[in-house]
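turn this into a model:
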Amino acid sequence: MLKSFFEKYSKPEPEPLTVDDFRLALTVLLVRVARADRDYTEEEKQHISELISGCFEIAISEANELRREAEDLEARTQDSVQFTRIIKQKIPFDQREEILEILWEIVLSDGERSYGEDGFLRLITNLLGVTDRDSALARQRAMERMGKN
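The predicted structure follows:
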């Protein structure tokens, strides 16, 4: 009887997510870092769309659609490993700092750094196999590019 009660009210197990699109994986991480401070603003959404439009040379409308798809996927999964794994498969080690620069740009775009954002970027740095020093250098380059030096 007790078992049937819990079965009735428990959520079904989500289906495993399979993501093999590098663009989507990177966009999910951008959304996740923007949400890490619990204040996901329209300005951050626009910034993400502009970044991915420029990075992937796609129209802003396509970038907006990719961002919306990434927002949905990010909300449905807690696991960042699958996304960093895709990035590691597609991006050579010596170019992974560029991924961190893009992530740092999102963190810095609102003018405030939170513990959640810093913690998430430390995790991603580790998952990408990049050193903390290289992440700090990527942050500095992002700040310079944004004129926040």
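
so which bits of the longest helix anywhere in the chain are buried?
Using DSSP state H to define each element, the chain has its longest helix at helix 60-76. For helix 60-76, the neighbour count (16 or more other C-beta atoms under 10 Å) marks 63-64, 66-67, 69-71, 73-74 as buried. In short, each C-beta sits where N, CA and C put it, glycine included.

state the mean pLDDT of the helix or strand following that helix.
Next along the chain after helix 60-76, taking DSSP states H and E as the criterion, comes helix 81-90. Across helix 81-90, the average pLDDT comes to 93.

tell me the angle helix 81-90 makes with helix 60-76.
130 degrees (axes from the mean of the first three to the mean of the last three C-alpha atoms, to 10 degrees).

show me the shaky parts of this structure.
Within the chain, the segments meeting pLDDT under 70 span 1-20, 149.

in it, which residue is most central in space?
Of all residues in the chain, the one closest to the mean position by C-alpha atoms, centre = their mean is Leu29, 1.2 Å from it.

run through the residues that contact it.
80, 83-84, 87, 99, 103, 124 (C-beta atoms under 8 Å, 6 or more residues apart in numbering).

nice, that's everything, thank you.
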